[in-house]
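In: with the sequence up front, the predicted model follows.
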Amino acid sequence: MRTSRPDMHDRPPFWAPPLLAVQFLTRIPVPGTAALTAGQVTTGLVRAVAWFPLVGAGIGTITGAVALAAASLWPAWVAVLIALAVEARLTGAFHEDAVADFCDAFGGGNGAEDVRRIMKDSRIGSYGSLGLILAVGLRAALLVAVLGSMAPLQAFAAIVASATFGRLLVVLLMAAVSPAPQGTGLAKDIGAGVDLSTVAFALMTALPGLLGFAIDQPVHLLGALLGAAAFLLWFRALLLRRLGGSTGDCLGFAAYAGQLILLLAATVVW
């Protein structure tokens with residue numbers, strides 16, 4: 001499904017989409033966006049989706065830099081925890097919150113309406129707690145493995161690539177799965193406007209974040225791409241069967257899964 005062509009007054013200035021992407025995915029104060037009209041923000045967010053991978057690369061750059069700097073002073077596991085804490089502050093634990101909500105809803109929900117109800121509940125249950133612990137724990141373990149098995153520049157490239165890859169997976173999922181009926185949030189508001197042109201532009205914005213890893217570990221990147229393709233096929237079928245479409249929490253879960261997929265590929269033992 002595609003959104004209708006925006007009114008001339010709703011067209012955002014050229015600089016708005018990348019800044020809106022930064023504002024949406026992080027807690028970084030972004031000047032200028034407050035002057036946009038509601039229509040410009042809505043239209044700008046649709047276009048901002050294509051910038052998600054580049055913003056992810058920026059987040060990964062900060063996470064990787066903190067991890068490497070901390071690793072020069074402390075053991076790798078301490079450095080990783082410091083880096084993850086800084087990243088959580090930077091992003092507002094945006095995707096981690098989605099992981100918890102998704103696990104609670106799909107673990108405890110019995111039907112589409114029940115899944116939506118649980119997903120909107122601000123409380124965290126046993127499925128959400130366990131899912132979040134396992135997801136963050138696995139990512140921390142993989143980052144420790146990255147720092148311990150790679151040269152600093154290689155580790156930095158892998159961390160940046162994982163952050164980029166996760167946000168790229170969000171764009172691909174938005175293009176592959178329509179918003180769920182009666183859904184709200186990102187998937188409902190702007191997900192319907194994502195099409196092949198959005199995906200094509202997102203692939204271009206992903207290049208800076210993936211290039212270093214692609215040059216250094218092309219086979220591992222191929223493994224990540226195959227893993228992501230398998231995940232998308234499975235996840236799309238799951239969402240259509242259980243929910244009839246996607247929601248913002250489903251997209252956030254996919255973003256975190258994308259990071260794990262690339263880190264798993266980067267650290268696989270041949």
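Out: It's in. Numbering: from 1, shown residues only.
In: rounded mean pLDDT for the helix or strand encompassing Met204, please.
Out: Assigned by DSSP states H and E, Met204 belongs to helix 196-216. What helix 196-216 shows for mean pLDDT is 97.
In: right, and the helix or strand after it?
Out: Downstream of helix 196-216 (by DSSP H and E), the next one is helix 218-242.
In: buried set for that following helix?
Out: Going by neighbour count (16 or more other C-beta atoms under 10 Å), the buried part of helix 218-242 is 220-221, 223-224, 227-228, 231-232, 235-236, 239, 242. All C-beta atoms are positioned from the backbone trio N, CA, C, and that covers glycine.
In: cool, stretch 136-153 as well?
Out: 136, 139, 142-147, 150.
In: then stretch 45-54?
Out: For stretch 45-54, by 16+ other C-beta under 10 Å, it's 45-54.
In: likewise stretch 84-104?
Out: For stretch 84-104, by 16+ other C-beta under 10 Å, it's 84, 86-88, 90-91, 93-104.
In: taking the buried residues of stretch 136-153 one by one, which sit in helices?
Out: 136, 139, 142-147 (DSSP state H).
In: how about those residues in TSV, adding distance to Asp216 and pLDDT?
Out: As requested, these are exported to TSV (distance: C-beta to C-beta, whole Å; pLDDT from 0 to 100):
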residue	distance to Asp216	pLDDT
Val136	26	98
Arg139	20	99
Leu142	17	99
Leu143	17	99
Val144	19	99
Ala145	16	98
Val146	12	99
Leu147	15	98
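In: now flag whichever of the buried residues of stretch 45-54 is closest to Ala265.
Out: Pro53 (17.0 Å; C-beta to C-beta).
In: so what's the closest one up against?
Out: Taking C-beta atoms under 8 Å, 6 or more residues apart in numbering, we find Pro53 in contact with 164-165, 167-168, 171, 202-203, 205-206, 209.
In: again, 6 Å this time
Out: 164, 167-168, 202, 205-206 (C-beta atoms under 6 Å, 6 or more residues apart in numbering).
In: can you tell me the element it falls in?
Out: Pro53 belongs to helix 52-71, assigned by DSSP H and E.
In: which parts of that helix are buried?
Out: Buried-residue list, helix 52-71, by 16+ other C-beta under 10 Å: 52-64, 66-68, 70-71.
In: before we move on, the earlier item: tabulate the ones in helices among the buried residues of stretch 136-153 in TSV, adding columns for distance to Ser197.
Out: Shown next, in TSV, are these (distance: C-beta to C-beta, whole Å):
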residue	distance to Ser197
Val136	34
Arg139	32
Leu142	33
Leu143	34
Val144	39
Ala145	37
Val146	34
Leu147	38
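In: can you pick out the most distant pair from those?
Out: Most distant of these, by C-beta to C-beta, are Val136 and Leu147, 16.4 Å apart.
In: count the neighbours of Ala200 for me.
Out: By other C-beta atoms under 10 Å, the residues close to Ala200 number 10.
In: repeat for the one 4 residues further on
Out: Using other C-beta under 10 Å as the criterion, Met204 is surrounded by 11 other residues.
In: so what's it up against?
Out: Going by C-beta under 6 Å, 6+ apart, the list of residues near Met204 is empty.
In: any idea how far it is from Val22?
Out: Met204 sits 17 Å away from Val22, taking C-beta to C-beta, to the nearest Å as the criterion.
In: swap in Ala57?
Out: Taking C-beta to C-beta, one finds Ala57 at 12 Å from Val22.
In: wait, Leu210 sits on Ala161?
Out: Yes: using C-beta atoms under 6 Å, Leu210 is in contact with Ala161, at 5.2 Å.
In: who has more neighbours, those two?
Out: Between Leu210 and Ala161, Ala161 has the larger neighbour count (other C-beta under 10 Å), namely 31 against 22.
In: and that one, helix, strand or coil?
Out: Under the three-state scheme (DSSP: H, G, I helix; E, B strand; the rest coil), Ala161 adopts helix.
In: show me the contacts for it.
Out: Taking C-beta under 6 Å, 6+ apart, we find Ala161 in contact with 209-210, 213, 262.
In: which of those has the most neighbours?
Out: Going by other C-beta under 10 Å, Leu262 tops these with 30 neighbours.
In: many thanks, have a good one.
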